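Student: structure for this input, please:
(one chain, ligands or ions: 1)
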Amino acid sequence: MDNRELKLIFQKRRDKAQRDLESRRHEIYEGIPKIKEIDKHINKLGLGIAMAAIKHPDTAKLEMKAIEEEIKMLKRERAISLTEHNIPHDYLSLHFQCDKCEDTGFVDGKPCSCYKQEMIKYSYKHSNITDVLDRENFSSFDLNVFSDEYNDKYKTTPRQHMKEVLSLAESFVHNFDNSRNNLLFYGQTGLGKTFLCNCIAKALLDKNHTVLYQTAFRIIDTISHYRFSNKKTPEMRFQYDMLISCDLLIIDDLGTEMINSFSTTELFNIINTRLLEDKKTIISTNFTPMQLSENYSERITSRLFGNYEFIAFYGKDLRWE
Ligand SMILES: [Zn+2]
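Tutor: Predicted coordinates for the structure are as follows:
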């Protein structure tokens, strides 16, 4: 994936930190000319150190020590002067948005938490889901679109049923940190599965959880890209790791991916690892529970039947109403 845009975000943050510092400095220099003089002096001495090292390497050590001592004194004088004017001691140093990584996005070569958050926002932006989440969330969920015709098979009306599903989804969000629930939405297209996934995603993103929402097709694509690439970029590794490490993974449209031994092995791996690591997952599928067991290995379906709450979606296709 192309992450120039992401790099640019961090570059802009560092530039801003630099610009802000310069404008603070300018302001201080105007108000307290003495500080300007001291800084000028310090810069000159700094240059002196560099010159000494080049010109007389033999005696440089002694000379450098003397200069360093002088710089130290000047800095002390500067600090006192700032304090006298009630200016915070770090006013003339760089202020980053994230102190952990100083807006580079990485700590010891590993993505910083701020980077992960940006990455998620970025992937949401590129899946056009940010717009969707503005439209499809718990406050825009309208139970009235569901029919109130009695359904013989389910012994209730779709509307009544959805009311229960909705409250289950809300409690899923509410108890997100201290429950072990995983959800599986099944039913035909157009019955509100994706809408409800969006509601949950939005609510958890608003609570600063990392949520990854991807179709099964995309997930398998990401994994095979990662597995079969000779040159694994940090972004590829990150995308892959996120499948396991995000707080909530929403696997949309399970069953529309190419189902073969590679994809089922990888799928099992994700589902199983997330269960072991106590990470929650929501799956939505057009398959019935029966079709799931026909299409997936026993290893996968036993994990699903054993650890997921199955929720049926039924009624009339809402897209035509
Ligand atoms: Zn950071």
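Student: poorly predicted segments of this structure, please.
Tutor: Residues of the chain meeting the criterion pLDDT under 70: 1-3, 123-130, 317-321.
Student: do a quick rundown of the helices in it.
Tutor: 4-31, 33-55, 60-84, 113-126, 129-135, 158-174, 193-206, 216-228, 234-245, 261-276, 289-295, 298-307 (DSSP state H).
Student: kindly reformat the ones you listed as JSON lines containing distance to L143 and mean neighbour count.
Tutor: All C-beta atoms are positioned from the backbone trio N, CA, C, and that covers glycine. Shown next, in JSON lines, are those (distance: least, C-beta to C-beta, whole Å; neighbours: other C-beta atoms under 10 Å):
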{"stretch": "helix 4-31", "distance to L143": "39", "mean neighbour count": "13"}
{"stretch": "helix 33-55", "distance to L143": "64", "mean neighbour count": "14"}
{"stretch": "helix 60-84", "distance to L143": "61", "mean neighbour count": "14"}
{"stretch": "helix 113-126", "distance to L143": "26", "mean neighbour count": "17"}
{"stretch": "helix 129-135", "distance to L143": "17", "mean neighbour count": "14"}
{"stretch": "helix 158-174", "distance to L143": "6", "mean neighbour count": "17"}
{"stretch": "helix 193-206", "distance to L143": "12", "mean neighbour count": "21"}
{"stretch": "helix 216-228", "distance to L143": "28", "mean neighbour count": "17"}
{"stretch": "helix 234-245", "distance to L143": "33", "mean neighbour count": "17"}
{"stretch": "helix 261-276", "distance to L143": "31", "mean neighbour count": "16"}
{"stretch": "helix 289-295", "distance to L143": "25", "mean neighbour count": "14"}
{"stretch": "helix 298-307", "distance to L143": "28", "mean neighbour count": "14"}
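Student: the ion: which of those helices is closest?
Tutor: Closest to the ion of the helices of the chain, according to C-beta to the ion: helix 113-126, at 3.3 Å.
Student: list the contacts of the closest residue to L184 other than its chain neighbours.
Tutor: In space, and not counting its chain neighbours, L184 is closest to Y308: 4.2 Å by C-beta to C-beta, 6 or more residues apart in numbering. Shown in contact with Y308 (C-beta atoms under 8 Å, 6 or more residues apart in numbering): 182-184, 281, 283.
Student: any idea how far Y308 is from the ion?
Tutor: Counting by C-beta to the ion, to the nearest Å, the gap from Y308 to the ion is 34 Å.
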